[in-house]
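Colleague: just a sequence and a predicted model for now, questions to come.
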Amino acid sequence: MANKVTKSISRNPIIIKLPSHSTVMTAAKLMAEHNIGAIMVMDADKLVGIFTERDIVNRVVAAGLSPADTMISTVMTSNPIRLKSGESVYHALDVMKKNHIRHLPLEEDGEIIGMISIRDLFAAVNDELRENISTKDAIIFGETYGAGVAANKNVAA
């Protein structure tokens, strides 16, 4: 696994988006339908914001606003941080950690091509670690490590 962020590491390869004049209720239903924690807010194919589960809790419910009457444009994060396709998975994790966020819109050649979540990045790191361990075991112990134990006992006897 290459440690670069691309659209292929996202668990949700389609772009889930809503226009800024949509209601929180519409966004929440779409997020639940697709089992996602954030939605991109786009007007005329331009990213204007991101709306997350935390926004629902902190900016809508805790503030006593009505999800059916509140427009996402009033409670979204405007001009969200973007991640460029091809950047390091570790860089993406660092950006998320420093900014206390769990989702990053993914950009390539100036266009939004997807959304990367912290779960996507953890899965990519986990896959890379497993691959590295397998490769190192093969180098250190040989490809047939463990397979010849019984045969070696017979030789020694």
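Modeller: Looks like it arrived, so ask away.
Colleague: in the chain, where is pLDDT below threshold?
Modeller: Residue ranges of the chain with pLDDT under 70: 1-2, 127-157.
Colleague: show me which positions of stretch 55-70 end up buried.
Modeller: Applying a neighbour-count criterion of 16 or more other Cβ atoms under 10 Å, the buried positions in stretch 55-70 are 55-56, 59-60, 67, 70. (Glycine included, C-beta is placed from N, CA and C.)
Colleague: swap that for stretch 78-92, please
Modeller: Of the residues in stretch 78-92, 80, 83, 85, 87, 89, 92 count as buried by neighbour count, 16+ other Cβ under 10 Å.
Colleague: for stretch 34-48, same thing?
Modeller: 36-42, 47-48.
Colleague: who does the residue nearest to the spatial centre of the chain bridge with?
Modeller: By Cα atoms, centre = their mean, the chain has its centre lying nearest to residue 117, at 1.7 Å. Counting by DSSP bridges, residue 117 is bridged to residue 103.
Colleague: would you enumerate the residues in contact with it?
Modeller: Residues near residue 117 by Cβ atoms under 8 Å, 6 or more residues apart in numbering: 10-11, 36-38, 102-103.
Colleague: same thing but 10 Å
Modeller: Contacts here follow Cβ atoms under 10 Å, 6 or more residues apart in numbering; on that basis residue 117 touches 9-12, 36-38, 96, 101-104, 123.
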